[in-house]
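*Asks:* Okay, predicted coordinates and the sequence, questions at the end:
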Amino acid sequence: MHSSKTNHLAGQISEVRRPMVEKTQSIIFLRRAYSLFSVQDLARAASLHPRHLEKFVGFGLIEPAVRTRSGPLFPRSSLERLRRIDRLRRDLGINLAGIAAVLDMRDRIEGLQKEVERLRGRLRLVE
């Protein structure tokens, strides 16, 4: 009788654990398939403390690609952006609001450069 209760309990535990394992496996798949970083992985890759990264996320300087129950996951492009943020902060002494303005202007300039290239391509077609 004791073994049947143990088997029943083991079955119940298995039923509870199965969704947890499936979710963990899906998060691992997401991280590998899309080259996503956890907070700890991204902070380590940028040689920063995870608290700094969390501060930058809280300020809106870096955005996760997806949020999971185990935490946010960041695309590979976040690594270069994080390094740029750290250089602006550390080397130039720019505060977080200033960094946000610098990055916004940089993004706008890149967008305008792409638009100029697109228009040049259209102009070549007309000539």
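*Replies:* Perfect, I can see it now. Numbering: from 1, shown residues only.

*Asks:* going forward, measure contacts and count neighbours with C-alpha atoms only.
*Replies:* Fine.

*Asks:* Tell me which stretches of this structure form strands.
*Replies:* Chain-ordered strands for the chain, with DSSP state E as the definition, fall at 66-68, 71-73.

*Asks:* Model confidence for Val66, exactly?
*Replies:* Val66 carries a pLDDT value of 87.

*Asks:* Could you pull up the contacting residues of it?
*Replies:* When the contact criterion is C-alpha atoms under 8 Å, 6 or more residues apart in numbering, the partners of Val66 are Pro72, Leu73, Phe74.

*Asks:* residue contacts, the last one?
*Replies:* I take that to be Phe74. Contacts of Phe74 by C-alpha under 8 Å, 6+ apart are Leu36, Phe37, Ser38, Val39, Leu42, Glu63, Pro64, Ala65, Val66.

*Asks:* Could you export these as a markdown table, including distance to Leu96?
*Replies:* Formatted as a markdown table, the entries for the contacts of Phe74 read as follows, by distance: C-alpha to C-alpha, whole Å:
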| residue | distance to Leu96 |
| --- | --- |
| Leu36 | 24 |
| Phe37 | 22 |
| Ser38 | 22 |
| Val39 | 19 |
| Leu42 | 19 |
| Glu63 | 15 |
| Pro64 | 18 |
| Ala65 | 21 |
| Val66 | 23 |
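
*Asks:* Mind giving me the ChimeraX select for those residues, buried ones only?
*Replies:* Buried subset of the contacts of Phe74, written as a ChimeraX selection, criterion 16 or more other C-alpha atoms under 10 Å:
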select :36,37,38,39,42,63,64
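
*Asks:* Among the contacts of Phe74, give me the pair with the biggest separation.
*Replies:* Largest separation among those by C-alpha to C-alpha: Leu42 and Val66, giving 14.0 Å.

*Asks:* ok, so what distance separates Ile62 from Asp107?
*Replies:* 13 Å (C-alpha to C-alpha, to the nearest Å).

*Asks:* who has more neighbours, the two?
*Replies:* Relative neighbour count places Ile62 above the other of Ile62 and Asp107, with 19 against 12, counting by other C-alpha atoms under 10 Å.

*Asks:* Find the residue closest to Val57 in space, skipping its chain neighbours.
*Replies:* Using C-alpha to C-alpha, 6 or more residues apart in numbering and skipping the chain neighbours, the partner closest in space to Val57 is Glu63 (6.0 Å).

*Asks:* This completes my enquiry, with thanks.
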